[in-house]
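1. just need the structure, nothing else, for what follows:
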Amino acid sequence: MIRDIIKNNKEKLNILLNIPQAKTLRELARLSGVSLSTVQRYMAKLKRYGMLKFVPNDAYFGLIRLAVLFSYSKKVNVGYSQLPIGTMSIRNFVGVGRKILLITAYLPQVFVDTYLAELFSIIDCEVLGIIHAKEYLAWKPEASVLKMYRSDKHSELGKKVYETLEESKKPVNYRPNDRTPDSIDLKILTGKLAFGPYGKIGNQLNRLEKYFRESWNISKQTISYHYRSHVLKGWKYNTYHFYLPHERVPFSLLYLVGEEAPALARALMIIPHSLSAYVEEKSAVVLVQYPDTLQRYLYEVASTAKVEIPYGPFIMNLSLSRYIPPFWRFVKGKAKKWKWKWPEKYALLNSRQLKTSAKFNGY
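-> Purely as a prediction, here's the structure:
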């Protein structure tokens with residue numbers, strides 16, 4: 001558990017707390033007041049237990065995430081090669097009297113209708129809900145919350161979640177950028193999402209070139225300019241997701257519907273072992289992995305909000321594969337005249353797999 005890694009170790013706690021704002025390992029070491037070698041050793045340990053994530057401002061890049069919930073009775077035999085470009089994951093969940101197929105996607109906002117039309121032509125099942133994630137949330141470490149959690153002060157943690165619920169009753173705001181990002185920006189973004197926030201950008205682009213069998217010949221100066229002048233403007237934070245053994249603590253899906261669904265999703269996302277949330281005006285999909293000690297806060301807070309969970313909680317099967325779309329294939333043009341296009345041919349990028357007991361590599 002998270003508290004087992006950071007308990008009674010101020011040095012490790014400082015590193016974890018500074019991951020969100022540090023853009024490089026050197027900056028992380030400086031902010032944490034430790035040596036670079038100490039940070040590198042700790043990062044190697046963290047990678048064995050979870051995943052470091054680069055979290056962008058989707059609207060800045062003109063992108064949006066989708067979560068589509070299907071109900072099915074017979075097994076749905078679809079693979080990534082059959083699904084539209086932009087698909088990120090296929091997850092199967094089970095609940096009381098129902099099975100859920102969750103498809104997540106990440107693509108330009110202008111192509112949402114095109115994507116959904118293709119998806120529905122392939123998967124002929126009842127649609128329970130579609131979340132256009134006008135707000136995407138990923139858990140990130142917060143000092144006050146981790147202090148309560150590692151000290152077993154769960155009553156204080158519950159109070160903090162309630163306070164966050166009240167403070168989070170605000171509209172969902174999503175305004176996609178009018179500017180179409182250029183190909184290099186989107187290649188850098190793909191690399192960061194696929195290989196993590198702290199890898200060298202040039203090395204990440206080389207890996208993409210080899211995977212897609214392309215040759216870009218982008219100079220170091222050009223890469224540096226695009227990263228600093230464009231991509232960093234669309235960077236929100238980094239985070240770390242710590243995964244518990246899923247055979248003991250399963251992953252759960254909550255489909256929230258109601259006036260305060262966004263506020264409840266925001267409140268739940270401060271709890272350690274929350275993973276991610278797809279949020280729009282009156283609905284949300286929240287993915288969590290709560291041990292028994294945290295389950296009560298989910299339901300105590302949910303009981304006070306103007307929200308329904310129409311299909312109950314669902315438990316995920318133990319394996320999945322996660323893909324990062326090749327975003328640069330959504331644009332055409334050159335210089336400052338880039339335009340969005342819907343690709344006719346594409347390939348999917350399989351992100352690095354975590355070394356866990358089951359083949360699972362993140363959200």
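2. lowest-confidence helix or strand of the chain?
-> Lowest mean confidence among the helices and strands of the chain (mean pLDDT, DSSP states H and E): strand 349-350, at a mean of 54.
3. ranges for the strands of the stretch 51-200 of the chain?
-> 63-72, 87-95, 98-108, 126-133, 135-138 (DSSP state E, counting those that start in this stretch).
4. contacts for the shortest one next, please.
-> With C-beta atoms under 8 Å, 6 or more residues apart in numbering as the test, strand 135-138 has contacts from 53, 55, 58, 65, 172-174, 239, 241, 262, 265-266, 269, 275-280, 363. For glycine as for every other residue, the C-beta is placed from the backbone atoms N, C-alpha and C.
5. so which of those residues are in helices?
-> If you go by DSSP state H, the contacts of strand 135-138 have 262, 265, 266 in helices.
6. list the contacts for the closest residue to residue 20 other than its chain neighbours?
-> Closest residue in space to residue 20, ignoring its immediate chain neighbours: residue 237 at 4.0 Å, by C-beta to C-beta, 6 or more residues apart in numbering. When contacts are counted by C-beta under 8 Å, 6+ apart, residue 237 touches 20, 21, 55, 140.
7. what does the second one show for phi and psi?
-> Here the main-chain torsion angles of residue 21 (degrees, to the nearest 10) amount to phi -100, psi -10.
8. quick one: it and residue 190, what's the gap?
-> Computed as C-beta to C-beta, to the nearest Å, the residue 21 to residue 190 distance reads 23 Å.
9. pretty sure residue 60 sits against residue 232.
-> No. Residue 60 lies out of contact with residue 232 (C-beta atoms under 8 Å); the separation is 10.3 Å.
10. so if I had to pick from those two, which one is more boxed in?
-> Neighbours per residue (other C-beta atoms under 10 Å) separate residue 60 from residue 232, with residue 60 holding more: 18 against 12.
11. quick one: contacts for the more buried one?
-> So residue 60 contacts 177, 233, 234 (C-beta under 8 Å, 6+ apart).
12. ok, residue 21 and residue 190, which is more surrounded?
-> Each of residue 21 and residue 190 has its neighbours counted (other C-beta under 10 Å); residue 190 has more, 21 against 12.
13. how many neighbours does the residue nearest to that one when sequence neighbours are not counted have?
-> The shortest distance from residue 190 to any non-neighbouring residue, by C-beta to C-beta, 6+ apart, is to residue 327 (5.2 Å). Look at residue 327: counted by other C-beta under 10 Å, it has 25 neighbours.
14. roughly how far apart are residue 327 and residue 58?
-> Using C-beta to C-beta, residue 327 is found at 11 Å from residue 58.
15. same check, this time on residue 125
-> In terms of C-beta to C-beta, residue 125 sits 27 Å off from residue 58.
16. neighbour count winner among those two?
-> residue 58 (21 against 16).
17. residue 52 against residue 19, yeah?
-> Yes. With contact defined as C-beta under 8 Å, residue 52 reaches residue 19; the gap is 7.2 Å.
18. now for these two: what residues contact both?
-> Shared contacts of residue 52 and residue 19, defined by C-beta under 8 Å, 6+ apart, comprise 238, 239, 240.
19. of those, which is the nearest to residue 83?
-> The closest of those to residue 83 turns out to be residue 239 (C-beta to C-beta; 26.8 Å).
20. neighbours around the closest residue to that closest one other than its chain neighbours, how many?
-> Excluding the flanking residues, the one nearest residue 239 by C-beta to C-beta, 6+ apart is residue 140, at 4.1 Å. Using other C-beta under 10 Å, residue 140 has 22 other residues around it.
21. how near is residue 140 to residue 158?
-> Residue 140 is 20 Å from residue 158, by C-beta to C-beta.
22. what about the helices in this structure?
-> Counting by DSSP H, the helices of the chain are 2-6, 10-18, 25-32, 36-49, 112-122, 143-150, 154-167, 183-195, 201-212, 220-229, 261-268, 292-302.
23. quick check: closest non-adjacent residue to residue 40.
-> For residue 40, ignoring the flanking residues on the chain, the nearest one in space by C-beta to C-beta, 6+ apart is residue 25 at 6.5 Å.
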